[in-house]
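Q: show me the folded form of this:
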Amino acid sequence: MRTIIKGPFFTPLKERVGSTIPIKYHVIFWIGYFTFNVIRWGSFFNDFAYSLKTNLVEFPIHIIVIYLNVYYLIPNLFLKKKYLNYIGAIFLILVLVYIIRTSLIFTVTGVLSPELGRPVSFLDFNHFIVVALGELYVITFVTAIKVLVDWSIEKKRNEELSQLQLSTELKFLRTQVQPHFFFNTLNNLYALALSKSDSMPRLLLKLSHMMEYVLYEVQDSKASLLQEIDHINNYIDIENLRFKDRVETEMHITGDLDDIKIPPLLLITFVENCFKHGLKSNDKIKIDMSFEIINERYLEFRISNNFNPETVDEEKKGIGISNSLRRLKLLFGKDFILQTNVDNGIYSLFLKIPVN
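A: Residues are numbered from 1 along each chain as shown. Here you go, the predicted model:
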């Protein structure tokens, strides 16, 4: 079985003319070009009848040569680097165009190129050069338009494809976040079930709210920051139920958050890591986080917690931070700041991202 892949540039002649440019635009272009040429040369020589007759002869020839060049010669010779064959084919076409054009114009008007201002004989070398250069001008001009239009269409298609790939990858990364989070939460439920904790009903209710948010409310590329904070609070409440009085958290909010939107489920990973790497033996975990809106353009998110270096190796099994960093790069390019630091047993993270 043979597979043929065709791009939008220089579609073969056997395909529908105008496969990248609708046929109506071909028709409009040639009518406009023909009208312009008739008026231009008619005004220049003050003979509109002769201009109309000669253009009626020339334009069918132009159209045939142009489409032959664009849809056959370029894809089959030029783009395959058969340059000598392409030049030879163009030269042969110019000779044929000269013979056919000159013969038809003489038949219709009875004269040969009166615009030259001197008597012209058939197969005159200088006359051939003038006709050939005129035909090359038309070939180059129209081919350049075709290439420009195809380039514009291809550029737009590539941009749409790039956006589709970006959207697909972001959705994939989000689907990674959700199972990752629920896996950790189910571990919490398992621990409480083993201890037959009275906190199980409350934890299940909190988890229900979180699942509702993740499965039904987070469908777009942007989510309300207030909803994200509520989601984080539900997660912290679950951990509080699990570890009881071992969790101390503080949250500071600065600025008006009502209309602020950010990528969904982006910050929860950093909160999860506080519990993942902050607990050791029976010590307490202390978490301090803040949200600050800067000039209604940026969100500055800070979080810090006591750090247990013995848990660092576990990060190799996780996807949280690497996932978040990948999302940040895809979403914001270089327009974000992510900094982490460990000092005197305190892990701190600073994130600055555009909002809305």
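Q: so where does the closest residue to residue 346 other than its chain neighbours fall, helix or strand?
A: Spatial nearest neighbour of residue 346, excluding adjacent residues (C-beta to C-beta, 6 or more residues apart in numbering): residue 304 at 5.7 Å. Every C-beta, even on glycine, is put in place using the N, C-alpha and C of the backbone. Secondary-structure assignment from DSSP states H and E places residue 304 in strand 298-306.
Q: which other helices and strands does the helix or strand just after that strand contact?
A: Using DSSP H and E, the helix or strand that follows strand 298-306 in sequence is helix 320-332. The contact analysis (3 or more C-beta pairs under 8 Å, 6 or more residues apart in numbering; DSSP states H and E) places helix 320-332 against helix 125-194, helix 268-278, strand 346-354.
Q: please point out which parts of the next helix or strand after the longest one sit buried.
A: In this case it means helix 125-194. Once helix 125-194 ends, the next helix or strand along the chain (criterion: DSSP H and E) is helix 200-212. Under the neighbour-count criterion of 16 or more other C-beta atoms under 10 Å, helix 200-212 has 203, 206-207, 210 buried.
Q: what separates helix 200-212 from the chain centre, distance-wise?
A: 38 Å (C-alpha atoms, centre = their mean, to the nearest Å).
Q: same thing with stretch 321-330?
A: With C-alpha atoms, centre = their mean as the basis, stretch 321-330 stands 18 Å off its chain's centre.
Q: over to stretch 123-134?
A: Distance, centroid of stretch 123-134 to centroid of chain: 48 Å (C-alpha atoms, centre = their mean).
Q: please apply the same query to stretch 144-158.
A: The chain centre lies 15 Å from the centre of stretch 144-158; the measure is C-alpha atoms, centre = their mean.
Q: repeat for stretch 246-258
A: Relative to its chain's centre, stretch 246-258 lies at 36 Å (C-alpha atoms, centre = their mean).
Q: what of stretch 266-273?
A: Using C-alpha atoms, centre = their mean, the offset of stretch 266-273 from its chain centre is 28 Å.
Q: swap in stretch 231-249?
A: In terms of C-alpha atoms, centre = their mean, the centre of stretch 231-249 is set 40 Å apart from its chain centre.
Q: mind listing what's buried in whichever strand or helix holds residue 40?
A: Under the criterion of DSSP H and E, residue 40 resides in helix 23-45. Neighbour counts using 16+ other C-beta under 10 Å place 26, 30, 33-34, 37-38, 41-42 of helix 23-45 among the buried residues.
Q: will you turn those residues into JSON lines that also has distance to residue 59?
A: Shown next, in JSON lines, are the buried residues of helix 23-45 (distance: C-beta to C-beta, whole Å):
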{"residue": "26", "distance to residue 59": "13"}
{"residue": "30", "distance to residue 59": "7"}
{"residue": "33", "distance to residue 59": "8"}
{"residue": "34", "distance to residue 59": "5"}
{"residue": "37", "distance to residue 59": "8"}
{"residue": "38", "distance to residue 59": "9"}
{"residue": "41", "distance to residue 59": "12"}
{"residue": "42", "distance to residue 59": "14"}
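Q: which of these sits closest to residue 300?
A: Nearest to residue 300, judged by C-beta to C-beta, of the buried residues of helix 23-45 is residue 26 at 55.3 Å.
Q: that closest one and residue 72: what is the separation?
A: According to C-beta to C-beta, to the nearest Å, residue 26 and residue 72 sit 16 Å apart.
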